[in-house]
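here you go, sequence then predicted model.
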Amino acid sequence: MQRQGLTLGTYKNIRIGLDYSWFVMFVLVVFMLARYFFPQNYEDMAAWEAWLLSVLAALLFFVSILLHEFAHALAARKRSVEISEIILFIFGGLAKMKKEPERARDEFVIAGAGPLCSFIIGLLFLGLAFLLEPFIREGLHGVFWYIGYINILLVIFNLVPGFPLDGGRMLRAAIWHYSGNLRKSTRIVSNMGQIFAFVLMFTGVMVIFGGGLIVGIVWIFVGMFLLQSAKSGYYMVAMREGLSGIPVGKIMTTNPSTVHPNVSIKNLVDEYFFKNRFSCFPVMRNDEFVGLVEINQVKAVDRDQWQYTRVSDVMTPRDALRTVKPDTDAYDVLMQMIDAGSGRLPVLENGELVGIISRKDIMQFVEFREALGT
Ligand SMILES: [Zn+2]
């Protein structure tokens, strides 16, 4: 996956990334606080103080989210589930696992750690707001109160039992624990997550009709994001189950049609792409695999240059390609493809090309297995 954004730092080998989309949310939160929260609750407050406190409150809010994600990450690490990075983005935070937990108990603890952390932060700030009220400026008290309140809201939101929310993961772990069926449990919570996503989007529309344009739009986008994640959560599990223990050699296309590096692009298009309808060809020079040429690489060349340009001019050379072996686990290959953003990979054995594997091959394999119930 491409990394867009800034690296804030690394803690215990976990990269803390800030996606550029985060700034949108940050500005929005500051704006909402400065224009509505503080002026409505503290009528005498000067505008500069409201803005200053809003920035402080927004920063504390995002630190709370970061701590929430760290709670997930550290709980995961305790249970030997590797976390590669924590990303703050427009909709909050994400602790990216290299691999999903393999035991229900682990998943339950990892998912529960985040809301527990937010709950503690929430209580702490509400407690501080209560205890310090007589001693601090009114506005600062407002910040403490807001952080306490928003963290408790975060707990409630995250505990909604729909995937990919923490509550959904916890429920999945529970069903998984008692049924032993990861796929079925994921389907249940994925469906619940999708229902919740629709509820959010519907609420967003209602809010817009009620005059809250920006807030309504945020709700709709959060709903869309959750809908997508809920669907792909189930899809990933189906893939993982359908592919477990299957070597890629069993799924790949063997003896793929190949092309010589000296062939012109014009020839490649007419005689290869159109005739075979593959979108990609391995490039071979005298039985030696030298690269891969894909249809989008041809698109980058001006049409009037097609007869003067050769395959070797546009192909991805072998050194720059990620390759896999026939005995590599098909699920790992799919993960590698997603990670690299590539649609297909050459399969090599002892340095020789033995096949080509595409995402489509993998998905079709899983679909067939599902259809046949094997
Ligand atoms: Zn969480």
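Everything's here; your move.

quick one, phi/psi of residue 217?
phi -60, psi -40 (degrees, to the nearest 10).

now swap in residue 306 and tell me
According to degrees, to the nearest 10, residue 306 has phi -60, psi -40.

residues touching it, list them.
With contact taken as Cβ atoms under 8 Å, 6 or more residues apart in numbering, residue 306 is in contact with 264-266, 269, 298. (Glycine included, C-beta is placed from N, CA and C.)

list just the nearest of the residues you listed to residue 121.
Nearest to residue 121 among the contacts of residue 306: residue 298, at 54.1 Å, using Cβ to Cβ.

mind listing what the closest one touches?
Residue 298 neighbours (Cβ under 8 Å, 6+ apart): 265, 268-269, 273, 306, 314.

next, find the distance separating it from residue 236.
Going from residue 298 to residue 236 by Cβ to Cβ, to the nearest Å gives 32 Å.

number of residues surrounding the single nearest residue of the stretch 201-350 of the chain relative to the ion?
Distances between the stretch 201-350 of the chain and the ion by Cβ to the ion are smallest at residue 229, namely 12.3 Å. Residue 229: 20 surrounding residues under other Cβ atoms under 10 Å.

off-centre distance for the helix or strand harbouring it?
Residue 229 is located in helix 213-243, with elements delineated by DSSP states H and E. The chain centroid and the centroid of helix 213-243 are separated by 9 Å under Cα atoms, centre = their mean, to the nearest Å.

next SSE downstream of it?
Next along from helix 213-243, by DSSP H and E: strand 253-254.

check whether the helix or strand that contains residue 117 comes into contact with the ion.
Secondary structure from DSSP H and E places residue 117 in helix 104-132. Yes: judged by Cβ under 5 Å from the ion, helix 104-132 comes into contact with the ion at residue 114.

what helices or strands is that helix leaning on?
Identification of packing neighbours for helix 104-132 by 3 or more Cβ pairs under 8 Å, 6 or more residues apart in numbering; DSSP states H and E yields helix 47-78, helix 138-158, helix 166-179.

list the residues that contact whichever residue of the stretch 101-250 of the chain sits closest to the ion.
The ion sits closest to residue 114 of the stretch 101-250 of the chain, with a gap of 3.1 Å, by Cβ to the ion. Shown in contact with residue 114 (Cβ under 8 Å, 6+ apart): 68-69, 71-72, 95, 158, 166.

report pLDDT for it.
At residue 114, the model reports a pLDDT of 94.

what sits closest to the residue of the stretch 201-350 of the chain closest to the ion if chain neighbours are left out?
residue 164 (4.3 Å; Cβ to Cβ, 6 or more residues apart in numbering).

and the stretch 1-150 of the chain, which residues reach the ion?
Contact residues, the stretch 1-150 of the chain versus the ion (Cβ under 5 Å from the ion): residue 114.

shaky segments in the stretch 251-374 of the chain?
Across the stretch 251-374 of the chain, the ranges flagged by pLDDT under 70 are 374.

need the helices for it, in chain order.
Along the stretch 251-374 of the chain, counting by DSSP state H, counting those that start in this stretch, helices occupy 265-267, 274-276, 295-299, 311-314, 330-340, 359-372.

looking at these, which is nearest to residue 257?
Taking Cβ to Cβ, helix 274-276 is the member of these nearest to residue 257, at 5.5 Å.

which outside residues touch that closest one?
So helix 274-276 is contacted by residue 257 (Cβ under 8 Å, 6+ apart).

that helix: how far from the chain's middle?
So, by Cα atoms, centre = their mean, the centroid of helix 274-276 is 36 Å from its chain's centroid.

then stretch 45-59?
Distance of stretch 45-59 from its chain centroid, counting by Cα atoms, centre = their mean, is 32 Å.

could you list the buried residues of it?
Neighbour counts using 16 or more other Cβ atoms under 10 Å place 45, 49-51, 53-54, 56-58 of stretch 45-59 among the buried residues.

check stretch 298-318 too.
The neighbour-count check on stretch 298-318 (16+ other Cβ under 10 Å) flags 298, 301, 306, 309-312, 314-316, 318 as buried.

chain center to it: distance?
34 Å.

what about residue 7, which SS state?
Secondary structure for residue 7, judged by DSSP: H, G, I helix; E, B strand; the rest coil, is strand.

my guess is it contacts residue 16. True?
Yes: counting by Cβ atoms under 8 Å, residue 7 does reach residue 16; the two are 7.0 Å apart.
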